[in-house]
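Peer 1: Whatever this is, show me its structure:
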Amino acid sequence: MMIKTISFIGTGKMAAALISSIYKNRLAKEITASDHNEENLRKLKSKFDVKTTTDNKEAARNSDVIFLCVKPQVMSMVLNEIKDEIKNQLVVSIAAGIKIKNIELILKNKRVIRVMPNINCLIGEMAGGFSAGKYATKEDIGEVSKLLNVSGIAIQVEEDLLDAVTAVSGSGPAFFAYFIKYIAEAGIKKGLKKEIAYQLAAKTALGTGKLLLEMKITPDELIEMVASKKGTTEAGLKVLDKYKVKKILEKTVDAAYKRSKELGK
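Peer 2: Numbers count the residues shown, from 1 in each chain. Here you go, the predicted structure:
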């Protein structure tokens, strides 16, 4: 499957990651990127053979699929700007919290799919979710699924679950990076060189995720495999329990979830 033309309105980090994936996998004959930030456009142009413009209307008009990659706070303004240019294009929104029905209302019942990708699509390891509006066709769902799954996994869910997807996998890379950073820094304090500590921490995180998925085991099963009685791992786990890290993680995900909800209001 190759879509003729794809336009990206907004070229921030997530849009650039998606463009990179689609471009490298040759899933579009032509990609157009639109942004008022000309520096973002110059950076994209230096990496990929894409068309660039500062005119959102032009980008919307000349495409089969339009990815809306703008901040939730300006989504309504952008939709009103381009609505008269949208005839039979499929509209894909990656804006956190913005409901499909609100997009459909402004666009007068056009085909809409809402997506929550994550930054890991840069290396083909995305974990994301998407939901289809009531006017989107099976073909639309198939096309978007293809565009996303080439970058990792993208699971179709009910729209009311997308805020949870946002909190777990959309924000998740930053949360995991936070843990990697401070586990590595703890190792540095114990004498490891900085580059060695970060390599060990990051590779351990990568391997742990792969182990869970490829062996199809639960986190509890993996913990049991590693944590021998009165061993080093058990000593560390007791500290996590003592300081209620489980509760902290629940509150972390809950805060991201609530913010996603707020952005949609």
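Peer 1: tell me the contacts of the residue most central in space within the chain?
Peer 2: Among the residues of the chain, the one closest to the centroid is residue 118, at 1.8 Å (CA atoms, centre = their mean). Residue 118 makes contact with 126, 127, 128, 169, 170, 172, 173, according to CB atoms under 8 Å, 6 or more residues apart in numbering. Using the backbone N, CA and C atoms, a C-beta is placed for each residue, glycine as well.
Peer 1: distance of it from residue 156?
Peer 2: Separation of residue 118 from residue 156 (CB to CB, to the nearest Å): 16 Å.
Peer 1: What of residue 223?
Peer 2: Separation of residue 223 from residue 156 (CB to CB): 31 Å.
Peer 1: just residue 175 next, same as before
Peer 2: With distances taken as CB to CB, residue 175 is found 24 Å from residue 156.
Peer 1: got it, and residue 35?
Peer 2: 29 Å.
Peer 1: Those two - which one has more neighbours?
Peer 2: Neighbour totals were compared for residue 35 and residue 156, and residue 35 leads with 22 against 13 (other CB atoms under 10 Å).
Peer 1: Pull the number of nearby residues for residue 135.
Peer 2: If we define neighbours as other CB under 10 Å, then residue 135 has 16 of them.
Peer 1: same thing with the one 3 residues further on?
Peer 2: Around residue 138 sit 8 other residues, with neighbours defined as other CB under 10 Å.
Peer 1: distance of it from residue 147?
Peer 2: Distance of residue 138 to residue 147, computed by CB to CB: 15 Å.
Peer 1: can you check residue 238 too?
Peer 2: Applying CB to CB, the value for residue 238 to residue 147 is 45 Å.
Peer 1: So those two - more neighbours on which side?
Peer 2: More neighbours surround residue 147 than the other of residue 238 and residue 147, with 25 against 11 (other CB under 10 Å).
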